[in-house]
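**Q** With the sequence up front, the predicted model follows.
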2 protein chains.
Amino acid sequence: MILRAGNGSEIAAAMSNRRPYHHGDLRAQLLETVRALIEEKGPDGFSISEASRRAGVSSAAPYKHFRDKPEIMKAVAIAGMERLADRMEAAAQAKPEASLERLSAIGKAYIDFARAEPGIFRVMFGATIHDEDPDVQRAGRRSYGILLDAVGARLGREPTDPDVLMRAYSLWTLVHGHSFLVIDDNMPSEGARPDEDAFLDQVGRQVMDG
Amino acid sequence: MILRAGNGSEIAAAMSNRRPYHHGDLRAQLLETVRALIEEKGPDGFSISEASRRAGVSSAAPYKHFRDKPEIMKAVAIAGMERLADRMEAAAQAKPEASLERLSAIGKAYIDFARAEPGIFRVMFGATIHDEDPDVQRAGRRSYGILLDAVGARLGREPTDPDVLMRAYSLWTLVHGHSFLVIDDNMPSEGARPDEDAFLDQVGRQVMDG
DNA sequence: CCTACAAAGTGAGTGTCGCTTACATATGTA
DNA sequence: TACATATGTAAGCGACACTCACTTTGTAGG
């Protein structure tokens, strides 16, 4: 959470026991509140009104920081994508550079994120709202770049190599598709789904070595 | 669109130039109208009010046929799943039983559906609403069964065989993930995505033969 | 240090929406 | 033909997204 340098007025207000007229950093708190609300009630279940209430401001206040609701969703989605890329990056760097483990660690980080934050994950990918938005696209491409680099390193080729592209994209769709099937578990019934670790392991090998 | 046998009142009303009090088959027309609206404006962009307006009834009429909005979404999702399964089935039966072509035809049918009807595809999978709903799950499992059978036939084993399960699930996640990446194309930029047919072909082989 | 001005808040109001309630009309069956 | 049931309407409630006129606060320049 990004916070501006405090100006002291909040402290003064707290001491005199009333909230300051100016919030301090409403924009950041709104994003965090909306994120939590989406996780609680789903992407469609949250309202700007409720977020305002939780932040302790009037329902008109958010419009000083965001044009409309879709723009809030977009900001939340982009923040999610950054968080996802961070996790992937951390997972990658914890494993040797050209190892298969690095690849599966990246995949696991992706799936873990989807499981931990299914609401935002859906906002990031399942929503119509920000189709073709350049900001969202750029944020998403960062994650893809991490995977491309790892696959390239594993194969000892440039990330732009067509074969690297093909295998990276295969892995991406696998993990992406699996993540979605996990979070709305309306797909294969209990017994009809293979063990997740075995699945990732085997199919990862098939894609990388095949 | 399913229509009940006409009872003649509509015709009589048309001749006397006024609409009949009873609609005829509002439930079916609502589903179709909502389907079209979702495709036009996205899953969140439609309202019961607007669907009612298009159907020429009051905004309270739909509640004689559906409990609430989520139930309409659910019905639309299930109808979509049936349509998807129909397409997959038709595509499968157009190819020899144990052939690889049958598998890729099933996959293509899936992707074609997502591309042709991205709105309902998202309602079917990307929405929080009908999580864990048994009706939706059952409808979804029909599609999965078609794939399981085809993979089983190809490998000459029972659809319940663990290896069949593993490979079928791999193909499913691949195609599912790819479909999502296609419809919100916020992922790999233009040049960074492999050719779709080549991708499906190669990765299909890797999964089936690896 | 004062004074504009910009930034960030408020409160009231508008139109739409989801949904309910009370009531009206059509249909099928005894 | 009468009545139960299915299916429609009209009016209204509370919540929401968003706007507008206004107020409060922080800050930059004379």
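**A** Everything's here; your move. As the structure is a prediction and not an experimental result, all values here were calculated from the model. Numbers count the residues shown, from 1 in each chain, chains lettered A, B, ... in the order given.
**Q** quick one: A:Ile78 and A:Ala139 touch, right?
**A** Yes. Using CB atoms under 8 Å, A:Ile78 is in contact with A:Ala139, at 4.7 Å. The way it works is simple: take the backbone N, C-alpha and C, and place the C-beta from them, glycine included.
**Q** Return the helix or strand in chain A with minimum mean pLDDT.
**A** Lowest mean confidence among the helices and strands of chain A (mean pLDDT, DSSP states H and E): helix A:9-15, at a mean of 42.
**Q** Which helix or strand lies directly C-terminal to that one?
**A** Next in sequence after helix A:9-15, counting helices and strands by DSSP states H and E, comes helix A:26-41.
**Q** Tell me if the very next helix or strand once past that following helix is near chain B.
**A** Per DSSP H and E, the first helix or strand lying C-terminal to helix A:26-41 is helix A:48-55. No. If you take CB under 8 Å from any CB of the partner chain as the test, helix A:48-55 misses chain B, and the best it gets is 14.2 Å.
**Q** Output the contacting helices and strands for helix A:48-55.
**A** helix A:26-41 (3 or more CB pairs under 8 Å, 6 or more residues apart in numbering or on different chains; DSSP states H and E).
**Q** Now find how far off-centre the helix it packs on is within its chain.
**A** Centroid displacement of helix A:26-41 relative to its chain, using CA atoms, centre = their mean, to the nearest Å, is 14 Å.
**Q** avg pLDDT for it?
**A** Per-residue pLDDT over helix A:26-41 has a mean of 96.
**Q** got the buried residues for it?
**A** Buried residues in helix A:26-41, counting neighbours by 16 or more other CB atoms under 10 Å in any protein chain shown, are found at A:26-35, A:37-39.
**Q** does any bit of that helix sit next to DNA strand C?
**A** Yes. Helix A:26-41 reaches DNA strand C (CB under 7 Å from any atom of the strand) through A:Leu26.
**Q** quick one, that helix and helix A:48-55 angle?
**A** Helix A:26-41 and helix A:48-55 meet at an angle of 110 degrees, taking axes from the mean of the first three to the mean of the last three CA atoms, to 10 degrees as the criterion.
**Q** From A:Gln202, how far off is A:Glu196?
**A** Separation of A:Glu196 from A:Gln202 (CB to CB, to the nearest Å): 11 Å.
**Q** Give me the more crowded residue out of the two.
**A** A:Gln202 (18 against 12; other CB atoms under 10 Å in any protein chain shown).
**Q** in what helix or strand does the more buried one lie?
**A** For A:Gln202, the enclosing helix or strand under DSSP H and E is helix A:196-209.
**Q** ditto for A:Glu89
**A** helix A:69-93.
**Q** any idea how far that helix is from the chain center?
**A** That offset, for helix A:69-93, works out to 4 Å (CA atoms, centre = their mean).
**Q** can you check stretch A:113-128 too?
**A** Chain-centre distance of stretch A:113-128: 7 Å, with CA atoms, centre = their mean.
**Q** Just the terminal-to-terminal distance for it.
**A** 21 Å (CA to CA, to the nearest Å).
**Q** Determine how far the last residue of stretch A:83-102 lies from the first.
**A** 19 Å.
**Q** Can you give the domain ranges for chain A?
**A** Domain ranges of chain A: A:15-64, A:69-209, per automatic domain parsing.
**Q** for A:Asp195, phi and psi?
**A** Dihedral angles of A:Asp195 (phi, psi; degrees, to the nearest 10) stand at phi -60, psi 130.
**Q** where's it relative to B:Pro162, distance?
**A** Distance of A:Asp195 to B:Pro162, computed by CB to CB: 9 Å.
**Q** do the same with A:Phe46
**A** Separation of A:Phe46 from B:Pro162 (CB to CB) stands at 41 Å.
**Q** how near is the most centrally placed residue in chain A to B:Ile48?
**A** Centrality entry for chain A: nearest residue to the mean C-alpha point is A:Gly80, 3.1 Å, by CA atoms, centre = their mean. As judged by CB to CB, A:Gly80 and B:Ile48 stand 30 Å apart.
**Q** Likewise for A:His178?
**A** From A:His178 across to B:Ile48, the span is 34 Å (CB to CB).
**Q** Neighbour count for the two, which is higher?
**A** Counting neighbours by other CB under 10 Å for A:His178 and for B:Ile48 shows that A:His178 has the greater number, 27 against 19.
**Q** what's the pLDDT at that one?
**A** For A:His178, the model assigns a pLDDT of 96.
**Q** In three-state terms, label it for me.
**A** Under DSSP: H, G, I helix; E, B strand; the rest coil, A:His178 falls in the helix class.
**Q** Just list what the strand or helix carrying A:Phe121 packs against, helices and strands only.
**A** Per DSSP H and E: A:Phe121 is located in helix A:118-125. Packing contacts for helix A:118-125, counted by 3+ CB pairs under 8 Å, 6+ apart, involve helix A:26-41, helix A:69-93, helix A:162-183.
**Q** CA atoms only: put it into CSV for me.
**A** C-alpha atoms of helix A:118-125 as CSV (Å, rounded to 0.1, in the frame of the first residue of the first chain):
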residue,chain,number,x,y,z
PRO,A,118,-10.4,-16.4,-6.7
GLY,A,119,-12.4,-13.2,-6.7
ILE,A,120,-9.6,-11.0,-8.0
PHE,A,121,-8.5,-13.7,-10.3
ARG,A,122,-11.9,-13.6,-12.0
VAL,A,123,-11.8,-9.9,-12.1
MET,A,124,-8.4,-10.1,-13.8
PHE,A,125,-9.4,-12.6,-16.4
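**Q** mean confidence score for the helix or strand that that helix is followed by?
**A** Per DSSP H and E, the first helix or strand lying C-terminal to helix A:118-125 is helix A:134-155. Averaged across helix A:134-155, the pLDDT comes to 92.
**Q** same check, this time on stretch A:159-171
**A** Here the average pLDDT along stretch A:159-171 is 95.
**Q** what do you get for stretch A:67-87?
**A** Averaged over stretch A:67-87, pLDDT sits at 96.
**Q** Go through that stretch and flag the buried ones.
**A** Within stretch A:67-87, the residues that qualify as buried are A:69, A:72-81, A:83-85, A:87, counting by 16+ other CB under 10 Å.
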